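Peer 1: whatever this is, show me its structure:
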Amino acid sequence: GKPAIPALLAALSHTNDIARALATYALGENGTTAALACSNLEAMLNDKAICVRLNAAVALGKLGEKPEIFVPVILRCTHEGDQDTRWFALDSLGKFKDRAQSAVPDLTNSLAVVTNLIDRSSLLNALREIDPKQAARFDPSRPIGPSASQPRAN
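Peer 2: Reported below is the predicted structural model:
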């Protein structure tokens, strides 16, 4: 809650990457009471550690910041990170739904060339949340719309 914000803001300057990442995550979980921390979180988008940048971007999204601030950072993390980082980044991106619409070109371009099945699944799941019609282009066996819940005739 609000009483923790000063300590979390102080932790953003810690020398330990994990401490900074956890502080950015916690600020995002504080909701609107942490909105005053947005400028501090924006500064963390350029941190040397990918886990800090990613958590800061997700926190900013949760706090209602504009997608043009956090979406590019999340996308960059999907390209720079290991498989776990990519999964977390794409899962987070999908949760922003239409607020992450600017990510659709990157997601579709990645889907067109990805060969790793786990990455493909993560990309497709994110795209389904953000733009189901675009996702259907890459997964024609899954219909969208009202008929999606109806069984298919054989």
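Peer 1: poorly predicted segments of the chain, please.
Peer 2: Applying pLDDT under 70 to the chain picks out residues 140, 142-154.
Peer 1: do a quick rundown of the helices in it.
Peer 2: All helices of the chain, identified by DSSP state H, fall at 5-11, 17-29, 38-44, 50-62, 67-80, 83-95, 104-113, 117-130, 132-138.
Peer 1: as a markdown table, these with mean neighbour count would be great.
Peer 2: Every C-beta, even on glycine, is put in place using the N, C-alpha and C of the backbone. Putting the helices of the chain into a markdown table (neighbours: other C-beta atoms under 10 Å) gives the following:
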| stretch | mean neighbour count |
| --- | --- |
| helix 5-11 | 14 |
| helix 17-29 | 20 |
| helix 38-44 | 17 |
| helix 50-62 | 24 |
| helix 67-80 | 19 |
| helix 83-95 | 19 |
| helix 104-113 | 15 |
| helix 117-130 | 19 |
| helix 132-138 | 16 |
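Peer 1: grab the nearest non-local neighbour of L12.
Peer 2: Among residues not flanking L12 along the chain, A23 sits closest, at 5.3 Å (C-beta to C-beta, 6 or more residues apart in numbering).
Peer 1: got the contact list for the one you found?
Peer 2: Shown in contact with A23 (C-beta atoms under 8 Å, 6 or more residues apart in numbering): L8, L9, A11, L12, H14.
Peer 1: how about D106?
Peer 2: L75.
Peer 1: tell me the spacing between it and L93.
Peer 2: Noted for D106: a distance of 10 Å to L93, by C-beta to C-beta, to the nearest Å.
Peer 1: make JSON lines from the contacts of A23 and add distance to E29 to it.
Peer 2: What follows is the contacts of A23, written out as JSON lines (distance: C-beta to C-beta, whole Å):
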{"residue": "L8", "distance to E29": "10"}
{"residue": "L9", "distance to E29": "14"}
{"residue": "A11", "distance to E29": "14"}
{"residue": "L12", "distance to E29": "15"}
{"residue": "H14", "distance to E29": "18"}
